[in-house]
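>>> this is a predicted model, with the sequence first.
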Amino acid sequence: MSYFYIFMTILLTVYGQIAIKWQVLKVGSLPEGTAEKVSFLLHLLLNPWIVSALAAAFLASFFWMAAMTKLQLSHAYPFMGLTFVLVLLASGFFFQEPVTLLKVVGVALIVLGLVVASQG
């Protein structure tokens with residue numbers, strides 16, 4: 001069950017990142033002026049998708065707390081590196097962001113680190 005908690009933490013974290021990026025792409029760049037920035041960000045905070053992303057982050061923290069009751073932090077935390085893998089794949093799929101050889105190598109090194117760290 002402890003790995004389910006970690007999996008849910010990862011899944012909810014990735015969802016939040018993808019949902020926020022999707023909505024930010026729809027509204028455009030952050031304005032230059034301070035008042036415009038505040039208005040822009042408040043408008044985003046009222047967006048239902050952004051609210052769901054923030055709720056996902058909040059819910060992810062509950063799953064993480066549950067995982068921490070079962071596992072050592074030094075064992076569980078490296079699994080959070082899987083968010084890099086999933087965000088890279090999702091950003092390529094949903095946003096047609098380039099998945100370059102260097103990004104793939106970097107993510108592969110993260111996964112290798114995850115394997116090594118989870119053994120100890």
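Looks like it came in fine.

>>> doesn't residue 54 make contact with residue 12?
No - checked against C-beta atoms under 8 Å, the pair residue 12 and residue 54 is beyond contact range at 10.9 Å. Where you see a C-beta, it was placed from the backbone N, CA and C, and this is true even at glycine.

>>> more neighbours, the two?
residue 12 (21 against 14; other C-beta atoms under 10 Å).

>>> quick one: which helix or strand includes the more buried one?
Secondary structure from DSSP states H and E places residue 12 in helix 2-27.

>>> now that helix: buried residues?
In terms of neighbour count (16 or more other C-beta atoms under 10 Å), helix 2-27 has its buried residues at 5-6, 8-21, 23.

>>> with stretch 110-118 instead?
Neighbour-count burial for stretch 110-118 flags 110, 114 (criterion: 16+ other C-beta under 10 Å).

>>> again with stretch 64-77
For stretch 64-77, a neighbour-count test (16+ other C-beta under 10 Å) marks 64, 66, 67, 71, 75, 76, 77 as buried.

>>> can you redo those as CSV with distance to residue 58, pLDDT and secondary structure?
Shown next, in CSV, are these (distance: C-beta to C-beta, whole Å; pLDDT from 0 to 100; DSSP: H, G, I helix; E, B strand; the rest coil):
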residue, distance to residue 58, pLDDT, secondary structure
64, 11, 98, helix
66, 14, 97, helix
67, 15, 97, helix
71, 21, 94, coil
75, 24, 87, helix
76, 19, 90, helix
77, 19, 90, helix
